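In: Here is my input, please return the structure:
(one chain, ligands or ions: 2)
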Amino acid sequence: MNTTMEAITEVEETLSELRQTFKSGRTRSVAWRKNQVSALLQLIHDQEDEIFKALYEDLGKHPVEVYRDEIGIVKKTINYTLSNLEKWVAPKKSRLPLLLFPTSGEVLPEPLGVVLIFASWNFPIALGLDPVIGAISAGNTVVLKPSEQAPACSSFLANTIPQYMDSKAVRVIEGGAEISELLLQQKWDKIFFTGSPQVGRIVMSAAAKNLTPVTLELGGKCPTILDSFSNPSDLKVAIKRIVGGKWGPCNGQACIGVDYILIEEKLASTLIELLKKTVKRFYSDSPKDSKCIARVINRGHFERLRNLLKDPLVAASIVHGGSLDEENLFIEPTILLDPPLDAAIMTEEIFGPLLPIITLKSIQESIEFINSRPKPLAIYAFTKDEEFRQRILLETSSGSVIFNDVLIQFICDALPFGGVGQSGFGRLAYNLDYLGLLLLFLGLKRSNRLTGVSQKQCNT
Ligand SMILES: NC(=O)C1=CN([C@@H]2O[C@H](COP(=O)(O)OP(=O)(O)OC[C@H]3O[C@@H](n4cnc5c(N)ncnc54)[C@H](O)[C@@H]3O)[C@@H](O)[C@H]2O)C=CC1
Ligand SMILES: CCCCCC(=O)O
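Out: Ligands and ions are numbered 1, 2, ... in the order given. Here you go, the predicted model:
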């Protein structure tokens, strides 16, 4: 897109066409929605090699990682959507008070209209297409704005979506902050934003001008509480999962990735040794030569991560790793022990391959430690102490809580996904009561989920 005037014209024309399409009722039938979602499945299937190439170009991701975190995620969402769409869109009978007899009532899910979706760069295919599936399956028309920081994936989406999907209903507009700001000046019926809290504030203040509902999928620092275990093999399993959860997804550039570990100081040396051993086992003696660990997205983020290590007290806390290869945008898995709590590495989302270990006198102190910081997107807690589990569930607040594993919440479509407070909000749950019980039983806290559907009370 060239000049600002051309950009403004394209944005306004696109929005006008999508609004016309929505008004025509073209997107309302279940058949059309299923057809569009199935078209995405065909896109993913036909273009698999191109997706591998684009993600290698943008992030150096290995095909296995791409299939696990991107292609597989989208296929999972598509299949779950196709299996449940009729149920989601069907009117839901409401039980009215006897006083209103013989009136009957129902809740009729209805699409909102024209939805604007901002995607981030770390899982550009999955985090671009998953919200499109939600918006389309709810009967909306959509503009997707991929992240300019993953240019190969952005142009892949811009080139292939029009080949498969109904371009009267789904459009891709590429660009960075400038085009994003032009988009935000328009009136949308819903904005779905995945990105940083900083930009989330910009999005929310723009949406406020038109009272547009927003879903903000933001980030934050996801703590991992590591309790002591009587059985040494439990600790080894926990460490494998933590290493996989830290450096596996996009080399730590993941919003629900492990940001830091909380552990009792008496266990720190054992933890460090096990972490080192597991990193070596997963990524060899020379991780930078490994093909199965992603690169840092760009020089800007590489510099940001290098600056996190510049503080002399932080540099002195490095107990493993710390080598940086600027030419290849690679930073090796790096472990730090008790960096200063007021250093940027402990006050800002790391979003990269650096793993601070924070030691406490007692693991019970982790609750206060977590509560004294912004509400995280996820809390990971490795413990078999039932009383401690209940304390974590009842005394902390986060988008989700996962016991004895990491990141699995992202693939559970039956559970809502999202943040709370500064880590995000704006999703409504499908069936709160059942889901609330299920989540509590599973030790996962309820956060909410919405696929761009509004609900309207209908009395008949
Ligand atoms: N909750 C979740 O599911 C996820 C959250 N994230 C969060 O996203 C962040 C990293 O992603 P980034 O793409 O770097 O975030 P970002 O906030 O820099 O960019 C996100 C989107 O906003 C657009 N944008 C950038 N500047 C803008 C401006 N001034 N006005 C309007 N739009 C603007 C970008 O083009 C991009 O499409 C991290 O904080 C991470 O935690 C990332 C992935 C998933
Ligand atoms: C592995 C899937 C990760 C999903 C979103 C994120 O953490 O950025």
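In: switch to C-alpha atoms for all contacts and neighbour counts from now on
Out: OK.
In: so where is the chain shaky, pLDDT-wise?
Out: For the chain, the stretches with pLDDT under 70 are 1-3, 427-460.
In: The residue of the stretch 251-400 of the chain found nearest ligand 1 and Leu336, how far apart?
Out: Closest to ligand 1 within the stretch 251-400 of the chain is Cys255: 3.7 Å, counting by C-alpha to the nearest ligand atom. Separation of Cys255 from Leu336 (C-alpha to C-alpha, to the nearest Å): 20 Å.
In: When those two are compared, which one has more neighbours?
Out: Cys255 (27 against 22; other C-alpha atoms under 10 Å).
In: Could you pull out the buried residues of stretch 189-198?
Out: Asp189, Lys190, Ile191, Phe192, Phe193, Thr194, Gly195, Ser196, Pro197 (16 or more other C-alpha atoms under 10 Å).
In: What about the residue lying closest to the last one once chain neighbours are set aside, how many residues nearby?
Out: In this structure, Pro197 finds its nearest non-sequential neighbour in Leu218, 5.6 Å apart by C-alpha to C-alpha, 6 or more residues apart in numbering. Under the neighbour criterion other C-alpha under 10 Å, Leu218 is assigned a count of 26.
In: contacting residues around Leu218?
Out: Phe193, Thr194, Gly195, Ser196, Pro197, Gly200, Cys255, Leu377, Gly419, Gln422, Ser423, Gly424 (C-alpha atoms under 8 Å, 6 or more residues apart in numbering).
In: go with 10 Å
Out: Leu218 is in contact with 120, 193-200, 255-256, 376-377, 418-425, counting by C-alpha atoms under 10 Å, 6 or more residues apart in numbering.
In: ditto for Val172
Out: Counted by C-alpha under 10 Å, 6+ apart, Val172 has contacts 14, 116-117, 142-146, 154-155, 157-162.
In: That one bridge partners, please.
Out: With DSSP bridges as the criterion, Val172 is bridged to Leu144.
In: gap between it and Lys187?
Out: From Val172 over to Lys187 (counting by C-alpha to C-alpha), the distance is 17 Å.
In: now Pro374
Out: The gap separating Pro374 from Lys187 is 31 Å, by C-alpha to C-alpha.
In: Which residue is the nearest non-sequential neighbour of His227?
Out: Not quite, residue 227 is Asp, not His. Thr383 (5.1 Å).
In: correction: Trp88
Out: Pro109 (7.7 Å).
In: residues near the residue nearest to Asp227, how many?
Out: The number of residues near Thr383, taken as other C-alpha under 10 Å, comes to 19.
In: What residues does it make contact with?
Out: With C-alpha under 10 Å, 6+ apart, Thr383 has these contacts: Ile225, Leu226, Asp227, Ser228, Phe229, Asp234, Leu235, Ala238, Arg389, Phe403, Asn404.
In: And for Ile256?
Out: 218-223, 245-246, 249, 351, 376-380, 399-400, 406-410, 418-419.
In: that older thread, ok, how many other residues are close to the nearest residue to the residue of the stretch 251-400 of the chain closest to ligand 1 once chain neighbours are set aside?
Out: Setting aside the residues directly before and after it, Cys255 is nearest to Gly219 in space (C-alpha to C-alpha, 6+ apart), at 5.1 Å. Around Gly219 there are 27 other residues, counting by other C-alpha under 10 Å.
In: Specify the local secondary structure of Gly219.
Out: Classification of Gly219 using DSSP: H, G, I helix; E, B strand; the rest coil returns coil.
In: Next, find the distance separating it from ligand 2.
Out: Distance of Gly219 to ligand 2, given as C-alpha to the nearest ligand atom, to the nearest Å: 8 Å.
In: ok, now which ones touch that residue?
Out: Contacts of Gly219 (C-alpha under 10 Å, 6+ apart): 194-198, 200, 254-257, 349, 351, 375-378, 418-419, 422-424.
In: hmm, 6 Å instead?
Out: Residues near Gly219 by C-alpha atoms under 6 Å, 6 or more residues apart in numbering: Ser196, Cys255, Ser423.
In: about what we covered before: Phe193 versus the residue nearest to Pro197, what's the distance?
Out: 8 Å.
In: Now the residue lying closest to Cys153 once chain neighbours are set aside: which helix or strand?
Out: Closest residue to Cys153 apart from its sequence neighbours, by C-alpha to C-alpha, 6+ apart: Ala54 at 5.3 Å. Assessed by DSSP states H and E, Ala54 sits inside helix 48-59.
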